[in-house]
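A.B. asks: Dropping a prediction and its sequence here:
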Amino acid sequence: MSQFFRTAERPMPGSILRSLEARLGIAVLAFVLLFVGAQTVFAHEFKVGDLEIGHPWSRATPAGAKVAGGYFTVTNKGSAPDRLLSISSDVSEKAELHEMGVKDGVMTMRPVAGGLEIPAGGKVALAPGGYHLMFIGLKRQPKQGEKFAATLTFEKAGAVSVDFAVEGMGGGMDDHAN
Ligand SMILES: [Cu+2]
């Protein structure tokens, strides 16, 4: 008993070390979490040939929604143009490349025929309100915080597997067809 109290009053070096270890552990863990979190937002990038695919993302969809958008940037570091030809993913029955625009004051959306050109030395952004992917016939509801895989096929660079990070639901007019 008396042994127990003495230990409690004056911690031995071993226990100081252990508590330091515990604190250090938490600090390291916090750092790792920060890094992983930051990666999701900032450093989520894929490369194939001369192309860099930046931050593929999608939006969480409400229950019952049959389509989801897909967005990313493509940077072509090469000296020849390339072309995004097709997209596939297990998340949906099919995936298409769409273009959205305003025609006579009405928001329109149409499939892009013949693929999307990525100019030599250029950068093309697929973003809400413009070019985007459309995952059609969702097999499940992508949830915020998760990722789903998709394959992008380019004419010259070939196929590349990327992960689409699912972000929160939006509410704007860029959420067409939802
Ligand atoms: Cu669309």
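C.D. replies: Cool, the structure landed.
A.B. asks: quick one: Gly130 and Leu116, what's the gap?
C.D. replies: To Leu116, Gly130 is 11 Å away according to CB to CB, to the nearest Å. The way it works is simple: take the backbone N, C-alpha and C, and place the C-beta from them, glycine included.
A.B. asks: got it, and Glu93?
C.D. replies: Separation of Glu93 from Leu116 (CB to CB): 21 Å.
A.B. asks: out of those two, which sits in the more crowded spot?
C.D. replies: Per other CB atoms under 10 Å, whichever of Glu93 and Leu116 has more neighbours is Leu116, with 17 against 11.
A.B. asks: who touches that one in this structure?
C.D. replies: Leu116 sits next to 83-84, 97, 124, 131 when contact means CB atoms under 8 Å, 6 or more residues apart in numbering.
A.B. asks: Surely Ile53 and Val160 touch.
C.D. replies: Yes. Look at Ile53 against Val160 with CB atoms under 8 Å: they come within range, at 6.5 Å.
A.B. asks: what sits in contact with each of these two?
C.D. replies: 46-47, 152.
A.B. asks: Top of the residues you listed by number of neighbours, please.
C.D. replies: Leu152 (27 neighbours).
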